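**Q** using only what follows, build the 3D model:
(one chain, ligands or ions: 1)
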Amino acid sequence: MSLTGPYDPNNIFARILRGETPAVTVWEDDHVLAFMDVFPQSEGHVLVISKTSRARNLLEVEPDVLTRLTAAVRRTARAVDRALSPDGLSVMQFNGEAGGQTVFHLHFHIIPRWADRGLKGHRDGPIAEPAVLRAQAARIAAALDPD
Ligand code: 5GP
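**A** Presented below is the predicted three-dimensional model:
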């Protein structure tokens, strides 16, 4: 899928936002949702999306939505750091199929990194156990900065 084109209202993240597909929420407010990636590239891989925007990628996003998303990524990354104590954190964001994007609803990846552990491939890993994701999400949520 190219960088330009219509928003598909049936993409998997739109279905999660409508409650049609389950997801393990870390935290949410009226504007953003942070939830666990089901094919995590490392322990604690979180995705952050807008609840209101139909931007497919960074090029399309409204500036006020991007401001909220960036703040949400920072808040989530700080909680991931406190909860899981990684050696580093990769924040990733892909645009267009050729850019590595597979779900066409703008999103940011927060991927904890450990010096002695490799990173699983993008959409390569096995699907994670919901109970494991729920436990990680609870630890991260408990470490969030106040609003
Ligand atoms: P992209 O490739 O578009 O940057 O990232 C899409 C991400 O969504 C991938 O990391 C993939 O593992 C994740 N993903 C795909 N389907 C689902 C799903 O049904 N639930 C959740 N929580 N994540 C998904």
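
**Q** okay, now the unreliable bits of the protein?
**A** 1 (pLDDT under 70).

**Q** gap between the lengthiest strand in the chain and the chain center?
**A** Taking DSSP state E as the criterion, the chain has its longest strand at strand 107-113. Taking C-alpha atoms, centre = their mean, to the nearest Å, one finds the center of strand 107-113 at 6 Å from the center of the full chain.

**Q** now do that strand: which elements does it pack against?
**A** Secondary-structure packing of strand 107-113 (3 or more C-beta pairs under 8 Å, 6 or more residues apart in numbering; DSSP states H and E): strand 46-50, helix 63-84, strand 88-92. For the C-beta atoms, the positions are set from N, CA and C on the backbone; glycine is no exception.

**Q** what's the closest of these to Ala137?
**A** Within those, the stretch nearest Ala137 is strand 46-50; the backing value is 8.1 Å (C-beta to C-beta).

**Q** beyond the longest strand of the chain, next helix or strand please.
**A** As assigned by DSSP states H and E, the chain's next helix or strand after strand 107-113 is helix 130-142.
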